[in-house]
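Peer 1: sequence-free structure coming up:
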């Protein structure tokens, strides 16, 4: 619809411009004829309706603002835009940060550990460490869980410090939910997106045996003959419990 | 100083490449203006024998008035629209362009009509042509601003060359048929509009729906409200460059042209030459911005986003500050040398552009003043780059007030001259440097806190 | 409500009453209503200054209500800088945020009250005390931030530290700048920012302040923070931590502990629901002579008449919302073990199921997987008084609680309980260490998340009617002796009398 309106207005405007240049039409008359034509076409466009009706005001504003040049300029606008369109020109120069630079920066900023003595073991920490250390360790388990940490988490669950038990339980519930949800998503999809991911979930220690077995039998997406590698069993340690939580 | 991506893209040997790069930058920042001026000069030369000096002067004054008034409206709108396009998604430009064009076109037309009525521009047909030339000039400004934000200047010069060639051809065509000032203005308007239409292809997106005007206008006016400090700052910056001329136009020495345009030719022509001498600085700044400033800022922001320590950020910032001021001072030294050469060559320039003896002194003062104004401009670029928009407004607002007041004072004391502009530029350049220096030195504070608008409640 | 009248007690609460329903909010409503002769002012600290719907109608003896957003948006810094001493501000904030020093807190109060000029053109306006925007967004504030960063966590990501600073200092400044309702005593219902308001009131007005903690705020924050994924770790501190080099996570934890230290030191009394909590309070500097235990109380008359109703199946019930913190999954897993031992057992989950639909669906799926469709029943939201006569054993499998009212309510009805060892469950079931005379065992306590231990406790009670009856009677006696509403209200009344006197 806009194309028809534009061609009509362009034809009239070109005639008016030619007439004005040749001195055949006065300025006031040319403007009057342009505005009369533009008004009529605008009203027709609004009356015609259609899904592009919302674009008519923009068209009309251009036609009115540019006077007798409106038609030709709108006609130029009908020409197809280049494929690149309004893609930006030269992008911001990339900021190079390679691994060596990052390492150098982290050394210079004092972020690397200088003391390379091994950290205390989870077992020692939960047996004799102070509460803040144990809390930090549970936090680390929460954020960077690996199946090897399952035993430590179980020890924390059986701590004789209520705050540690509560925190360990929160982490346990959170990890259990996360791994169960991941397993469910894979089983619902009927395939594991990635063999390693499936093995990690299966070996998390938070799935019941049936789900674990089902997960290990899943085909890998894109390779229907492959199944996830069998991870080692992550079993919680057998701990002798006091009635109310402490371990011996 | 001018090394960087733009330089790397240029073909040519080791000697020619910097020259080509610099010429390219001049084409980008001033090409369309130079093409327009050249077209105007050619029209003047060609039509003066046909129409007489007074008629051609009216034509020239119509263009000068349009290029003075339209930016007062289109400048602020263009700056805000460019900011939106630069920060927004690709494809946003078309919508913003439509709204900015309509808003600035309508306001420019209204302003031009008001000025034409106030000055009593006659005949009516010339007044009407003047109004449409203002609309075209506003379109020109908006197109420039958006293409700058999109970094899509590539076809700008060719589009303007094509548009101005078309205008010249039309002028030649009507030259033999009793041309009038009004017809020349219409022709020039057509040339500008054609140039804008051709160059705004880069703003459009293939296959995109034409934007809904009303919603685009609403979004743009909301942006103008949010960025009002920037908009007023740009308005002050543009008005600040003109106010000394306005004072003289309206003063006792002001002259009224045949059509009714006020002007003061001795000052206008001398200052026009003076202002043209800073084009090299604009080109150098363009290269410096792309080659040094933007990467330095990007490096700082990348370090911040990557979790750098404050020590690391400070190191990055110190590097950025050194590179920035070293570049800015290099540009100023370069421009200073050029200005000194121009001052020495004033007699020759005067001969070239037909200036009188009084105008030579005005030109010398104007050259120094434009150099200082150029220094202020460079500092303001830093101020804007660091996001200190309110400070930009204060600096430009003060410059406007100072230039106006000093020009009036000098008019009353000595009858006119560029002394007011010189004094305002001197003080403005010092103030802008202090603000820019502080803003850049505390860029971490400015970026994270002071100008982080998301942190603050709207007043 | 009369805004300028001096209230007897100003309650300061954070993130709960009257906007959020829940245990602490219900308790606050109870506290105000059980002190009808006292007038209360209420300061509710919220995350931000948006308008909120109230979950509670304020009782008539609340004479003033005031909401304070911790993340209140300040005005943008003006072009004229406040003439403040950045180094002094840094020292004060460091003392508060890291040292938990009451002297630094006093210095901040003085800093906020001292009039300052603005530069340039200092003579343009009369000196006035600094605004929150001055303390948060001025160049001086930035100087203080950078200096503190250098002292606290110079290896941490600066942008992360900046946001932590905005969060912590923003909250501090908000509570320091908020108007303080006039009151004869100030009562904060946690440490954190509420504790800071009480501390500020005590220091500014000289009136006494008290803190009551249900859960231990700093401990809860610590648990949240050590597990938080939204805090990025940039400094290699190792699992054991590194006292020399801190990351943003450490800064957060240190700040909340520091807030607690200030609050404990500035207030005259520190109460909690049960004795085990006091070890945390002592660790953060609470003085022994200020510590008190005031347990929760329930309205006995609502439950005392409840007697077991005839039924054809032994019944176990968990009363609570179906949400992860209640660990309904462990309850369902235990149900399977119980059902194996007592095949006709009926296991109820009594409580709303619509709060976390995903978790509810998970629990129901688990019921199906374990073949417990005929055993486990979700009742939804019901009047528990209708169900208590049917219940033989009440179970609580929560992984975190303070002093759960449901155990006390079931206890008032003479129902024994199997609960996880969280909050004061052990004290309720086994009796406090200083209980005299010893009343005996009122049920079983099991480790949290341990379905086998929970099931063992249930089976022990379900399978032994005499033991069940005996435990029920012990529970009833203990609740009647220590956990009645009248007793609890009288203790708070006495506390207020003591402070106001």
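Peer 2: Perfect, thanks for sending it. Note that this is a predicted model, so its numbers are computed, not measured. Numbering: from 1, shown residues only, chains lettered A, B, ... in the order given.
Peer 1: got a list of what residue B:317 touches?
Peer 2: Residue B:317 is in contact with B:300, B:441, B:443-444, counting by Cβ atoms under 8 Å, 6 or more residues apart in numbering or on different chains. Quick note: C-beta positions are derived from backbone N, CA and C, even for glycine.
Peer 1: Give me the subset of those that lies in helices.
Peer 2: B:300, B:441, B:443-444 (DSSP state H).
Peer 1: Next, give me the two most distant ones among those residues.
Peer 2: B:300 and B:441 (12.7 Å; Cβ to Cβ).
Peer 1: of all the ones in helices among the contacts of residue B:317, which comes closest to residue C:461?
Peer 2: residue B:444 (64.1 Å).
Peer 1: and the gap between the closest one and chain A?
Peer 2: As judged by Cβ to the nearest Cβ, to the nearest Å, residue B:444 and chain A stand 15 Å apart.
Peer 1: Once you drop chain neighbours, what's closest to that residue?
Peer 2: residue B:313 (5.7 Å; Cβ to Cβ, 6 or more residues apart in numbering or on different chains).
Peer 1: Other residues contacting stretch C:27-35?
Peer 2: Stretch C:27-35 is contacted from outside by C:9, C:11, C:13, C:16-18, C:40, C:56, C:59, C:61-62, C:189, C:214, C:296, C:485, C:488-489, C:492-493, C:496, using Cβ under 8 Å, 6+ apart.
Peer 1: 7 Å instead?
Peer 2: For stretch C:27-35, the surrounding residues in contact (Cβ atoms under 7 Å, 6 or more residues apart in numbering or on different chains) are C:11, C:13, C:17, C:40, C:56, C:59, C:61-62, C:189, C:296, C:485, C:489, C:492-493.
Peer 1: And those residues, which is closest to chain B?
Peer 2: The shortest gap between chain B and any of the contacts of stretch C:27-35 belongs to residue C:13, at 24.6 Å (Cβ to the nearest Cβ).
Peer 1: ok, whichever residue of the stretch 151-300 of chain C sits closest to chain B - how many residues close by?
Peer 2: Ranking the residues of the stretch 151-300 of chain C by distance to chain B (Cβ to the nearest Cβ) places residue C:157 first, at 3.4 Å. By other Cβ atoms under 10 Å in any protein chain shown, 28 other residues sit near residue C:157.
Peer 1: still on that earlier bit, let's see if you can find the most crowded of the contacts of residue B:317.
Peer 2: Most surrounded of those: other Cβ under 10 Å gives residue B:443, at 26 neighbours.
Peer 1: Point out the other helices and strands that the host helix or strand of residue B:199 packs with.
Peer 2: In the assignment (DSSP states H and E), residue B:199 maps to helix B:181-199. Packed against helix B:181-199 by the contact rule (3 or more Cβ pairs under 7 Å, 6 or more residues apart in numbering or on different chains; DSSP states H and E) you find helix A:70-78, helix B:16-51, helix B:53-87, helix B:124-150, helix B:156-175.
Peer 1: Going along the chain, name the strands of the stretch 201-350 of chain B.
Peer 2: Taking DSSP state E, counting those that start in this stretch as the criterion, the stretch 201-350 of chain B carries its strands at B:255-256, B:262-263.
Peer 1: ok so, going back, will you turn the ones in helices among the contacts of residue B:317 into CSV that also has pLDDT?
Peer 2: Shown next, in CSV, are those (pLDDT from 0 to 100):
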residue, pLDDT
B:300, 91
B:441, 93
B:443, 93
B:444, 93
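Peer 1: any chance of those residues in a markdown table, plus distance to residue B:217?
Peer 2: Rendered in a markdown table, the data for the ones in helices among the contacts of residue B:317 read as follows (distance: Cβ to Cβ, whole Å):
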| residue | distance to residue B:217 |
| --- | --- |
| B:300 | 36 |
| B:441 | 40 |
| B:443 | 35 |
| B:444 | 38 |
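Peer 1: Just give the nearest non-adjacent residue to the residue of chain B most remote from its centre, would you?
Peer 2: Residue farthest from the centre of chain B, counting by Cα atoms, centre = their mean, is residue B:309 at 39.5 Å. Ranked by Cβ to Cβ, 6+ apart and with sequence neighbours excluded, the top spatial neighbour of residue B:309 is residue A:109, at 4.3 Å.
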